[in-house]
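Undergrad: Okay, structure incoming, though there's no sequence with it:
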């Protein structure tokens, strides 16, 4: 079954009681049992809910996985992965990653005894040199947020298999439409479902997908025991959203490439971070690893003027200044003060995240209108 067909049909069956083509919102906290322990597969909505079950099955199918689990947010999904480990365990993560991931690792789990190493994963030697007998996980984010660096998933997973450690991939920026890390050997795929999977900026959710039965059992236990689950209405909204994932992603990619090319040619722009540009250092790898190059990009103005960058963001109209990404509408953000503010400035500067960097989540509006908006703001 090809992706577009899977997006609409995989994991979804008409409601058996009514024939409804859309999965109903099972807005209930509990389920009646015939006798103690004898039920129809559902007992309590924290543990299972039919709307959530349908979504989990659909997301697993999109990532070519066997098991899908949904959580209340992307960070709740990340939290579940980190709960697999114990004090003294070491985790290697990419140095250019979402600020919330850095925050939960450094400010929450480091206090509980986990040890984190943040490395530039553009060179495999950097990862291999950090592996010890205490290393339990390598955490990849590709494309990275916000510098759109590309990490070789297959090379990292091969190293992990040789060393007997897990590999998890945050696939939020790419979505399952553009790459499927499980196919390249990853053990766990994480999504902030809030973004491209939901696609309409109307729900907050996270997901984990795996082919490893033992990992799935552990994560299911954590999901139920800690209770960070999404409600059925949010699950319904995402089920609706993924039916158009393929057509939305096509337009996101088309628009982002045209805008990246326009920005690269602009005399006031010094650098554009977009893997679809031949000038991007990860372009060749992205061409092999991804189906297309995505809807996210970031750029820097000549002179690195903080005031000028603020002026551009404050004067955009179609690009709304807001957190998040992946919705049908275009957004701009200032990573240093918004999505990545929890990372100390000296750490941001080490990886090249300047205070003047502007990040764009390119929506599916008419691209000429989007370029006109950038033109009037940049001047």
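TA: That came through fine. No experiment lies behind these values; they were computed from the predicted model shown.

Undergrad: Pull the contacting residues for residue 249.
TA: 175, 177-178, 196, 292, 294-295 (Cβ atoms under 8 Å, 6 or more residues apart in numbering). Placement of C-beta: from N, CA and C, glycine included.

Undergrad: host element of it?
TA: Using DSSP states H and E, residue 249 sits in helix 245-264.

Undergrad: can you pull out the helices in this structure?
TA: 3-9, 50-62, 74-82, 99-103, 124-128, 153-163, 175-178, 213-226, 232-242, 245-264, 283-289, 306-315, 345-350, 367-378 (DSSP state H).

Undergrad: any residues touching the shortest one, and which ones?
TA: Residues external to helix 175-178 that are found in contact with it (Cβ under 8 Å, 6+ apart): 3, 7, 59, 62-63, 191, 195-197, 245-246, 249, 253, 290-294, 326.

Undergrad: Relative to the whole chain's centre, how far out is it?
TA: 10 Å (Cα atoms, centre = their mean, to the nearest Å).

Undergrad: on that earlier part again, so which of the contacts of residue 249 is the most crowded?
TA: residue 295 (32 neighbours; other Cβ atoms under 10 Å).

Undergrad: and the gap between it and residue 242?
TA: Residue 295 sits 16 Å away from residue 242, going by Cβ to Cβ, to the nearest Å.

Undergrad: ok, now residue 315?
TA: Using Cβ to Cβ, one obtains 34 Å as the distance from residue 315 to residue 242.

Undergrad: and what of residue 257?
TA: 23 Å.

Undergrad: Walk me through the domains of this structure.
TA: Domain assignment for the chain by automatic domain parsing gives 3-242, 245-378.

Undergrad: With mean pLDDT added, can I get those domains in CSV?
TA: Shown next, in CSV, are the domains of the chain (pLDDT from 0 to 100):
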stretch, mean pLDDT
domain 3-242, 96
domain 245-378, 94
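
Undergrad: related to what we said a few turns ago, and residue 257 and residue 242? Which one has more around it.
TA: Neighbour totals were compared for residue 257 and residue 242, and residue 242 leads with 28 against 21 (other Cβ under 10 Å).

Undergrad: And that one, how close does it get to residue 144?
TA: Counting by Cβ to Cβ, the gap from residue 242 to residue 144 is 24 Å.

Undergrad: for residue 202, same thing?
TA: Taking Cβ to Cβ, one finds residue 202 at 26 Å from residue 144.

Undergrad: Among the two, which residue is more densely surrounded?
TA: Neighbour totals were compared for residue 202 and residue 144, and residue 144 leads with 25 against 14 (other Cβ under 10 Å).

Undergrad: Report the contact partners of the residue nearest to the more buried one when sequence neighbours are not counted.
TA: Counting by Cβ to Cβ, 6 or more residues apart in numbering, the nearest residue to residue 144 once its immediate chain neighbours are dropped is residue 96, at 4.1 Å. Counting by Cβ under 8 Å, 6+ apart, residue 96 touches 120, 141, 144-147, 149, 351-353.

Undergrad: ok, now residue 257?
TA: Per Cβ under 8 Å, 6+ apart, neighbours of residue 257: 274, 276, 293.

Undergrad: wait, which of those residues is closest to residue 215?
TA: residue 293 (30.1 Å; Cβ to Cβ).

Undergrad: Now for the closest residue in space to residue 110 that isn't next to it in sequence: which residues touch it?
TA: Among residues not flanking residue 110 along the chain, residue 116 sits closest, at 6.3 Å (Cβ to Cβ, 6+ apart). If a contact means Cβ under 8 Å, 6+ apart, then residue 116 has 90-93, 105-106, 109-110 as its contacts.

Undergrad: Where neighbours are concerned, which of these has the most?
TA: residue 92 (27 neighbours).

Undergrad: Quick check: that residue vs residue 119, distance?
TA: From residue 92 to residue 119 the distance is 6 Å (Cβ to Cβ).

Undergrad: who touches both of the two?
TA: 127, 130.

Undergrad: show me what contacts the residue nearest to residue 330 when sequence neighbours are not counted?
TA: With Cβ to Cβ, 6+ apart as the criterion, residue 330 has its nearest non-adjacent residue at 3.7 Å, and that residue is residue 363. Contacts for residue 363 (Cβ under 8 Å, 6+ apart) come out as 252, 255, 295, 327-331, 370.

Undergrad: Out of those residues, which is nearest to residue 129?
TA: Distance to residue 129 across those (Cβ to Cβ) is lowest for residue 295, with 33.9 Å.
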